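**Student:** give the three-dimensional model of this entry:
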Amino acid sequence: MARRTLESARRDAESGDFNWACFKAHQAAESAAEGLLYGAGRPARGHSVYKLLEAAKELLSVPEGFLELGKLLDKFYIPTRYVDAWSEGVPFEYFTRGDAEAALAAAEKILAFVEELWRACLDSGRR
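**Tutor:** This is a model prediction of the structure:
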């Protein structure tokens, strides 16, 4: 699901829907982090990518800088969608191609890390 959401985010960025690209990048990373925790036998709750990765760090070796990627993505969770998040204007007016590119890159790093861990588990015969 995380991979499909990230692909949808890329299409949004290509069409200029930068706020949705940022939000969906967050969603993709959230899904990946939740899957990581679920696979490790720990229930995942909440929508903060940062907090999910912080919980994963208690169980696994999470690469340096990944908590910061989570914090970056968490900034896109609410203001990308809700018109009352801004004192004036609507969300699409506040997000840029650069925001979308940063969000997509952060989500891609998190997904790649999770996929690498899963492949290593499968290769070693563990699930």
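**Student:** give me the residue at the spatial middle of this structure.
**Tutor:** Closest to where the C-alpha atoms of the chain average out (C-alpha atoms, centre = their mean) is Ala29, at 2.2 Å.
**Student:** contacting residues for that residue?
**Tutor:** 2, 49, 69-70, 73, 106-107, 110-111 (C-beta atoms under 8 Å, 6 or more residues apart in numbering). C-beta here means a position set from N, CA and C on the backbone, and glycine is covered the same way.
**Student:** how close does it get to Leu52?
**Tutor:** 8 Å (C-beta to C-beta, to the nearest Å).
**Student:** what is in contact with those two at once?
**Tutor:** Residues touching both Ala29 and Leu52 (C-beta under 8 Å, 6+ apart): Gly70.
**Student:** state the mean pLDDT of the helix or strand containing Ser31.
**Tutor:** According to DSSP states H and E, Ser31 maps onto helix 18-39. What helix 18-39 shows for mean pLDDT is 96.
**Student:** kindly format the C-alpha coordinates of it as PDB.
**Tutor:** Once non-C-alpha atoms are left out, helix 18-39 reads as follows in PDB (Å, rounded to 0.1, in the frame of the first residue of the first chain):
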ATOM      1  CA  PHE A  18       1.900  19.800  -4.600                       C
ATOM      2  CA  ASN A  19      -0.100  19.800  -1.400                       C
ATOM      3  CA  TRP A  20      -1.600  16.400  -2.200                       C
ATOM      4  CA  ALA A  21       1.800  15.100  -3.200                       C
ATOM      5  CA  CYS A  22       3.200  16.100   0.200                       C
ATOM      6  CA  PHE A  23       0.200  14.600   2.100                       C
ATOM      7  CA  LYS A  24       0.400  11.300   0.200                       C
ATOM      8  CA  ALA A  25       4.200  11.100   0.700                       C
ATOM      9  CA  HIS A  26       3.400  11.400   4.400                       C
ATOM     10  CA  GLN A  27       0.800   8.700   4.100                       C
ATOM     11  CA  ALA A  28       3.100   6.400   2.200                       C
ATOM     12  CA  ALA A  29       5.800   6.700   4.900                       C
ATOM     13  CA  GLU A  30       3.200   6.200   7.700                       C
ATOM     14  CA  SER A  31       2.000   3.000   6.100                       C
ATOM     15  CA  ALA A  32       5.600   1.700   5.700                       C
ATOM     16  CA  ALA A  33       6.500   2.500   9.300                       C
ATOM     17  CA  GLU A  34       3.300   0.900  10.600                       C
ATOM     18  CA  GLY A  35       4.000  -2.200   8.500                       C
ATOM     19  CA  LEU A  36       7.500  -2.300   9.900                       C
ATOM     20  CA  LEU A  37       6.200  -2.200  13.500                       C
ATOM     21  CA  TYR A  38       3.400  -4.700  12.700                       C
ATOM     22  CA  GLY A  39       6.000  -7.100  11.200                       C
END
